[in-house]
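Visitor: Compute the structure for the input listed below.
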Amino acid sequence: MTVWPMGGIPAPVPGSEPERIATPVTRPAVARSRTAIAVTERSCCCAGPPTYRVLIPASAARPHATDLLLCGHHYRASRAELTRTSAAVFDADGALIAG
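Guide: Okay, here's the model as predicted:
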């Protein structure tokens, strides 16, 4: 039996993983993001309370969609870039407001 250090999994050997292709945000991914923000969840960007859940679509550099919780200030500061990337934005209740 192999025991990995610190209970982790070894890093993949370069070239051993299949090539990943970037895919757009799918309807199931959007549906999973339509949940209200829980009181226990924290913003990804700062100590402010999360106000928006943002689903950023996959790209060539990141082959999977990314889910972020943003405070109001960081959402407003990022709104133009989020629109440019076609991110889906949900309010604190889980209602789709952009994207």
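
Visitor: hey, let's count contacts and neighbours off CA atoms from now on
Guide: Will do.

Visitor: A77 - that's part of a helix, no?
Guide: Yes. According to DSSP: H, G, I helix; E, B strand; the rest coil, A77 belongs to a helix.

Visitor: and R53, what is it in contact with?
Guide: 33, 37, 67-70, 89-92, 94 (Cα atoms under 8 Å, 6 or more residues apart in numbering).

Visitor: Tell me how many other residues surround the residue nearest to it when sequence neighbours are not counted.
Guide: Take R53 and drop its neighbours on the chain: the residue closest to it by Cα to Cα, 6 or more residues apart in numbering is L69, 4.6 Å away. Using other Cα atoms under 10 Å, L69 has 24 neighbouring residues.

Visitor: any idea how far L69 is from Y75?
Guide: Per Cα to Cα, to the nearest Å, L69 is found 9 Å from Y75.

Visitor: Dihedrals phi and psi, the nearest residue to L55 once chain neighbours are set aside?
Guide: Counting by Cα to Cα, 6+ apart, L55 lies nearest to D67, which is 4.5 Å off, once chain neighbours are set aside. The phi/psi pair for D67 (degrees, to the nearest 10) reads phi -100, psi 120.
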